[in-house]
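K.L.:
Need a 3D model of the following:
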Amino acid sequence: MNIKKQSAGVWVNLIAAILAVASLIVYGVNISSEGYFQNATVSSMMNYGIPAIILLVLVIVLAQLKLTGGAAAAVEIISGAMRIAVPVLLTLCLINLIAARAEGLGYIYFSNADVTLEVQTPENLSSATGTIANMICLAVSAVVAMAAAFFRLTKKEA
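P.N.:
Have a look, this model is predicted:
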C-alpha cells in the first residue's frame, strides 16, 4: 500500500473508521466508569458499530485491489453498497444511544432544585459528559462516512 497513491476516498474512509473506533472506545470507557451510566449498556452499539468498522476496513482493502473488467465492476458495486451501509449503521448507533440516554441526561441536568445536589455529583456529571462526547463522536463519524461515499476510491489514471 503506497501512501502517496491513495485517493481522497480512501483517506476519508480511514478518518471515518478512526472516528467510529474512537466512538466505541468512548462508549466503553463511559459504561465502565463510575457514574450514572455505569454498566448501562446499549446492545445495539456493538451490534451496529463493529460491523460498520469492519465494512470501512473492507472498503479500504478493496480499494487496494488492482482489478480489471467484470471483477472491477463487481468490486465497485460491492464497495458502493458497503459505503452506503456504514453511515446507516453509525446513525442507528447514534439514534439508539440517544434513545437510551435521553431520560438519564434529562434527570441529571434538569432535575428539580431540591434533588440537584444529590443528582449532579461529579461522577454523574462526568458520565453525562462522556455520553454527550460519545454522541458527538458518533454523529461526526456518520457524517464523515456519508461524505466518504461521494469520493472515488481509486485515482484516475493519467
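K.L.:
Quick one: find the helix or strand in this protein with the lowest mean pLDDT.
P.N.:
helix 113-119 (a mean of 82; mean pLDDT, DSSP states H and E).
K.L.:
which residue is nearest the centroid of the protein?
P.N.:
A20 (3.2 Å; CA atoms, centre = their mean).
K.L.:
My guess is it contacts T91. True?
P.N.:
No - using CB atoms under 8 Å, A20 is not in contact with T91; the gap is 11.6 Å. Backbone N, C-alpha and C define where each C-beta goes, glycine included.
K.L.:
Which helix or strand contains F150?
P.N.:
Of the helices and strands defined by DSSP states H and E, none includes F150.
K.L.:
What helix or strand is the spatially closest residue to I108 that is not a sequence neighbour located in?
P.N.:
Closest residue in space to I108, ignoring its immediate chain neighbours: A128 at 4.8 Å, by CB to CB, 6 or more residues apart in numbering. A128 belongs to helix 122-148 when assigned by DSSP H and E.
K.L.:
Report the buried residues of that helix.
P.N.:
124, 126-128, 130-131, 133-135, 137-142, 144-146, 148 (16 or more other CB atoms under 10 Å).
K.L.:
Same check on stretch 48-60?
P.N.:
Buried residues in stretch 48-60 (16+ other CB under 10 Å): 48-49, 52-53, 55-56, 59-60.
K.L.:
Which ones among these map onto helices?
P.N.:
Among the buried residues of stretch 48-60, DSSP state H puts 48-49, 52-53, 55-56, 59-60 in helices.
K.L.:
Adding pLDDT and distance to N96, write those out as JSON lines.
P.N.:
Shown next, in JSON lines, are these (pLDDT from 0 to 100; distance: CB to CB, whole Å):
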{"residue": "Y48", "pLDDT": "95", "distance to N96": "7"}
{"residue": "G49", "pLDDT": "94", "distance to N96": "10"}
{"residue": "A52", "pLDDT": "96", "distance to N96": "13"}
{"residue": "I53", "pLDDT": "96", "distance to N96": "16"}
{"residue": "L55", "pLDDT": "96", "distance to N96": "18"}
{"residue": "L56", "pLDDT": "95", "distance to N96": "19"}
{"residue": "V59", "pLDDT": "93", "distance to N96": "23"}
{"residue": "I60", "pLDDT": "91", "distance to N96": "26"}
